[in-house]
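Peer 1: My questions are about this predicted structure, shown below with the sequence.
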Amino acid sequence: MASLGPGKRVANRYVLLDRLGDGGHAEVWAALDEPLDRRVALKFMHLRNFSAGEATLILRHEAQMVQRLKHPGVLPVDEPERDGWLVFLPMEYAGGGDAAQLRGASWQRVLPVLLEVANVLEHAHSRGVVHRDIKPGNILFDDTGAVRVTDFGTASRMGSTLAMSAGSPFSASPQQLRGDAASPADDVYGLGALAYDLLTRHPPFYPDFDLQRVQRESPPRPVPVQAAPAALLDLVQAMLAREPQARPNLQQVMQDLQQFISSDTNPPEMAAAPAVAVAQPVAPARSRPRRHGSLVLWLVAAAGIGGAAAWVLSSRVPERQARIAEVLLNHNADELARGALLESGEQWAEAVAHYQTVLARDASLQSARDGLARSSRRVALDNELAQYLAKPERLSDAAVRKAAQLALARGEATIPRTQRLADQLIDLKAALRKQGDKK
């Protein structure tokens, strides 16, 4: 959002400090609330995807979902505000980072966070709210380390099929992806996906995620970066069952998590970490709190890391060992995930540029090539549709009309779609019908 920057005054009250995160539909800034002399976070909607009125409705829905809840683990928000074309939601500033910093941590560190999140979800369900977007970037920590669950923009009333915005497909249950009514079982799946992500450093089905695959099968059994109880991995697997009736309910999950946490010693049957885990170091502690990018870096670990790490361990050439180890260390999960984030956030042109940079730095080459190809196809499609719509009279030509129909088919098969692409497809259909009527 080009009009935002450090020092900018918003609504004659807030002074922007620095950007905390940027995603497909919104970006979040830290700001000083001058009248109250406090630091806050402001979530600005990208109006390239919505009108100002639509953005206000989406943020008002998020605020209303939060206001139904009375739990210390829910990040407080205020009413949405407007300043000219800016539409934003003020919220509490959480200065302790997000759960992404726990990716690859020990199960002893991960489970207390999962239990706190589960407590928030249990409260939300008791008030008729299903979150439906439980992912690392939406689990924040305050300055004391306490959990703050955020981003209720995807939340729905229990039993409702209304969704004001889409969440991460990696944490969405098969039922949510189909558009079924919201159910507590969706959040059980989301909590299982969060556990899977933090223990393995990648979400379920990554990097071979496919909407149809999610409907056909359960995710592969999690392989933790650090050794974890086999019974815990069984629990995570059960939470990710395709059918909601096969998942444990949230109360059962909480009881099991508490039992693991309360154990004085590790359970006897432990699932060993993979041999490659030694080449996948957890990101080092930062000298200052990690910014709570609730809209950024929610995908992890590019494809090919495991194979490369195994090569490091087995190679007899010291120079090659050092080179591959350097790639693994310097291009960690956050760095390698950036392109996937942009792509999934529907920022395809930016994803193209990022993948080109990753390729130039020789990091996860195959994953970057694949992402570059996908994003480049989407940019080309967007441009092609724009050309047809700029001169719809050309559609009277048989060859142009056939090419436009093929482009239309490609666009309808593209997931995810930006609002711009969706509008282009509608407009192109109308233009094709209009030209057809003239014949």
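Peer 2: Structure's in. What do you need?

Peer 1: Check the offset of stretch 117-132 from the chain's centre.
Peer 2: 19 Å (CA atoms, centre = their mean, to the nearest Å).

Peer 1: could you give the mean pLDDT of that stretch?
Peer 2: Average pLDDT, stretch 117-132: 96.

Peer 1: from now on call the first residue 50
Peer 2: Fine by me, first position is 50 from now on; the one you just mentioned is stretch 166-181.

Peer 1: contact partners of it?
Peer 2: With CB atoms under 8 Å, 6 or more residues apart in numbering as the test, stretch 166-181 has contacts from 114, 117-120, 122-123, 183, 188, 196, 198, 201, 203-207, 212, 216, 221, 225, 231-233, 235-236, 239-240, 243, 299-300, 302-303, 306. From N, CA and C alone the C-beta is placed, and that goes for glycine too.

Peer 1: Of the residues you listed, keep whichever come out buried.
Peer 2: 114, 118, 122-123, 183, 188, 196, 198, 201, 203-206, 212, 216, 221, 225, 231-233, 235-236, 239-240, 243, 299, 302-303, 306 (16 or more other CB atoms under 10 Å).

Peer 1: quick one: which of the residues you listed sit in helices?
Peer 2: Taking DSSP state H, the ones among the buried ones among the contacts of stretch 166-181 that sit in helices are Met114, Gln225, Pro233, Asp235, Asp236, Gly239, Leu240, Leu243, Leu299, Val302, Met303, Leu306.

Peer 1: The fourth one against Ser222, yeah?
Peer 2: Yes - under the criterion of CB atoms under 8 Å, Asp235 lies in contact with Ser222, with a separation of 4.6 Å.

Peer 1: Give me the common contacts of the two.
Peer 2: In contact with both Asp235 and Ser222: Pro293, using CB under 8 Å, 6+ apart.

Peer 1: Tell me if I'm right that Arg450 and Leu481 touch.
Peer 2: Yes - applying CB under 8 Å, one finds Arg450 in contact with Leu481, separated by 6.9 Å.

Peer 1: Now for those two: what residues contact both?
Peer 2: Leu444.

Peer 1: from what I can see Ser205 touches Ala231, true?
Peer 2: Yes - shown here, Ser205 and Ala231 form a contact pair, counting by CB under 8 Å, at 3.7 Å.

Peer 1: could you pull out the strands for the protein?
Peer 2: For the chain, applying DSSP state E gives strands covering 58-59, 63-71, 75-82, 87-94, 130-132, 135-141, 178-179, 188-190, 196-198, 205-206, 277-278, 319-320.

Peer 1: Distance to Ile310 added to those, as CSV?
Peer 2: As requested, those are exported to CSV (distance: least, CB to CB, whole Å):
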stretch, distance to Ile310
strand 58-59, 42
strand 63-71, 30
strand 75-82, 31
strand 87-94, 30
strand 130-132, 41
strand 135-141, 27
strand 178-179, 25
strand 188-190, 17
strand 196-198, 14
strand 205-206, 30
strand 277-278, 11
strand 319-320, 16
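
Peer 1: just flag whichever of those has the lowest average confidence.
Peer 2: Across the strands of the chain, the lowest-scoring stretch is strand 319-320, with a mean of 60.

Peer 1: so where's the stretch 100-249 of the chain shaky on pLDDT?
Peer 2: Applying pLDDT under 70 to the stretch 100-249 of the chain flags the ranges 212-215.

Peer 1: Turn the ones in helices among the buried ones among the contacts of stretch 166-181 into CSV, including distance to Glu292.
Peer 2: CSV is the format used below for these (distance: CB to CB, whole Å):
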residue, distance to Glu292
Met114, 26
Gln225, 13
Pro233, 14
Asp235, 12
Asp236, 16
Gly239, 16
Leu240, 17
Leu243, 20
Leu299, 16
Val302, 16
Met303, 21
Leu306, 22
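
Peer 1: Low-confidence regions, the stretch 300-449 of the chain specifically.
Peer 2: Within the stretch 300-449 of the chain, the segments meeting pLDDT under 70 span 313-423.

Peer 1: Apply 80 and report the result again.
Peer 2: 313-428 (pLDDT under 80).

Peer 1: Would you mind measuring from Leu282 to His172?
Peer 2: 27 Å (CB to CB, to the nearest Å).

Peer 1: sorry, back to before: the strands of the chain: which one's closest to Glu165?
Peer 2: Of all the strands of the chain, it is strand 196-198 that lies closest to Glu165, at 4.0 Å by CB to CB.
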